[in-house]
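Novice: any chance you can model this:
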Amino acid sequence: MRGGDVVLHKPSGETWVVCGVDPERDLLIPCGYPFPSMGRMSDCEVITAADGQPEEYKEVLRKYGFPRFIEG
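Specialist: Have a look, this model is predicted:
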């Protein structure tokens with residue numbers, strides 16, 4: 001799972017676009033309001049895989065102080 005992926009959040013049944021992930025802590029930040037919110041990666045299933053985390057997602061994560069959610 002990576003930034004830009006579209007996932008199904010199984011507990012809510014919602015479809016999310018992933019802004020960034022922290023696999024060591026099993027956390028992800030979805031795009032959208034309210035930002036930032038978090039969910040567990042283990043509660044999600046990838047529907048559509050992205051080619052990579054968009055640069056604008058990285059910029060937002062830096063702005064809000066979440067560098068660990070930025071892909072190398």
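Novice: residues near Met38, how many?
Specialist: 12 (other C-beta atoms under 10 Å). (Glycine included, C-beta is placed from N, CA and C.)
Novice: run through the helices of this structure in chain order.
Specialist: 55-63 (DSSP state H).
Novice: in it, which spans are strands?
Specialist: Along the chain, counting by DSSP state E, strands occupy 6-9, 14-22, 27-30, 39-40, 44-48.
Novice: out of those, deepest packed?
Specialist: strand 27-30 (a mean of 22; mean count of other C-beta atoms under 10 Å).
Novice: for the residue positioned nearest the centre of the chain, what are its contacts?
Specialist: Nearest to the mean C-alpha position of the chain, counting by C-alpha atoms, centre = their mean, stands Val18 at 2.9 Å. For Val18, the set of contacting residues under the criterion of C-beta atoms under 8 Å, 6 or more residues apart in numbering consists of 1-7, 28-31, 44, 50.
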